[in-house]
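Participant: Predicted model follows, preceded by the sequence.
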Amino acid sequence: MFAKPIRKAGKAAARGMTLIEIMVVLVILGLIAGAIGYNVFNQLKEAQIRTATLDLKSIANGVDLYHVETGQWPDSVGALVPKYIKDLHKDPWGSEYSYVRTGEGYDVYSYGPDKAQGGGDDITVHGGDSATGSSTAGK
C-alpha cells in the first residue's frame, strides 16, 4: 500500500569535508593572514619612526625656548621638564632620547630600532644657530 520514499541522497550527501579540503582552506587563510600581518607590521614601523621624529622636534622646540629665555643651551634634556616640555619619555623602542651640544647648536636624536649608534636607522634633529633645522630618519 504505502511506498517507501525514494532517497536521492546516498553516501555523497552524508560525507563532510575531507582532510585535504580542510588543509587547503587553512593554507588559504594562512596566506591571507600573512599578507595582512606583513602590511600591518610595516605600518607600525613607519608609525614608530614618525612618532620618534615628532618627539625629537618637540624636544628641539623646548631646547630653543630654553635658549631664548636663558641665553644658554641646556646641559641636558632633563633641564627642560616641565617648563619647556611637558614630560620626557622614551622613544618607541624603549631607549632614552639623547641630546648633545655641538658648537653653537645641538643635536637631539634616537638610535632607532637597533638601539645602537650608527647603522643607518638613527633619527636626528639638528638645531641651534649653526644648524639648518633639518632632520634625518633612516629606514
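Facilitator: Cool, got the structure. Numbers count the residues shown, from 1 in each chain.

Participant: From Lys90, how far out is the most centrally placed residue in the chain?
Facilitator: For the chain, the residue nearest the mean C-alpha position is Gln48 (2.3 Å; C-alpha atoms, centre = their mean). Using C-beta to C-beta, to the nearest Å, we find Gln48 at a distance of 12 Å from Lys90. In this view, the C-beta of every residue, glycine as well, is placed from N, C-alpha and C.

Participant: ditto for Ile49
Facilitator: Using C-beta to C-beta, one gets 15 Å for the distance from Ile49 to Lys90.

Participant: ok, now which ones touch the closest residue in space to Gly105 that isn't next to it in sequence?
Facilitator: Distances taken as C-beta to C-beta, 6 or more residues apart in numbering put Gly128 closest to Gly105, at 2.3 Å, once the chain neighbours are dropped. Gly128 is in contact with 63-64, 67, 73, 102-106, counting by C-beta atoms under 8 Å, 6 or more residues apart in numbering.

Participant: mind running it again at 7 Å?
Facilitator: By C-beta atoms under 7 Å, 6 or more residues apart in numbering, Gly128 lies in contact with 104-106.
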